[in-house]
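Asks: this one's sequence-less:
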């Protein structure tokens, strides 16, 4: 399963015309459902007043190593209506936030999100505990918690997130 951050700056290609329609700048995450809702592209729709232009995840045909493929230009749309809800976030705004348990134990910094490329479901958080720890022990991975608080500079997760069996290291 791929990491979300690797998709930033890759092209979005239109299959039916064989053209590049933009570059992925960010994504929209629905934290109530723990899914990637849409990809934000770098250029606006013609005649659009919105700077939030992109494609819903459900309209993505495939996600490859080097590009995201869509079938039709009609899938491009204004994404600004999603930001009327408090549970939609830009993916880039979650990265580099410190993660703490409810009892105040620091788990590290959110460095990436592993997701299912077929459904957009967020599977796990990749957490860095610092360069030395990452080199010696690897990064920490744990399932995206069903209950969490997203603050300006941090995420608060349930205590059980840090219990044995809920985390693993990847070298």
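Replies: The structure has been received and is ready for your questions. It should be emphasised that the depicted structure is a prediction, and the values quoted were computed from it without experimental measurement.

Asks: phi, psi of residue 62?
Replies: The phi/psi pair for residue 62 (degrees, to the nearest 10) reads phi -160, psi 160.

Asks: wait, a strand at residue 92?
Replies: No. Using DSSP: H, G, I helix; E, B strand; the rest coil, the assignment for residue 92 is helix, not a strand.

Asks: please list all residues in contact with residue 82.
Replies: Each residue near residue 82 by Cβ atoms under 8 Å, 6 or more residues apart in numbering is listed here: 28, 37-38, 52, 88. From N, CA and C alone the C-beta is placed, and that goes for glycine too.

Asks: make it 10 Å
Replies: Contact analysis of residue 82 by Cβ atoms under 10 Å, 6 or more residues apart in numbering lists 28-30, 37-38, 52, 54, 56, 88-89.

Asks: tell me which other helices or strands the helix or strand residue 114 falls within touches.
Replies: Element membership for residue 114 (DSSP states H and E) is strand 106-115. Where contact means 3 or more Cβ pairs under 10 Å, 6 or more residues apart in numbering; DSSP states H and E, strand 106-115 is packed against strand 19-30, strand 35-41, helix 91-94, strand 98-101, strand 122-128, helix 131-137, strand 139-143, strand 154-157.

Asks: 8 Å - rerun?
Replies: Applying 3 or more Cβ pairs under 8 Å, 6 or more residues apart in numbering; DSSP states H and E, one finds that strand 106-115 contacts helix 91-94, strand 98-101, strand 122-128, strand 139-143.

Asks: name the surrounding residues that touch that strand.
Replies: Residues from elsewhere that reach strand 106-115 (Cβ under 8 Å, 6+ apart): 1-5, 29, 36, 91, 94-101, 121-130, 133, 139-142, 144, 155, 157, 161-162.
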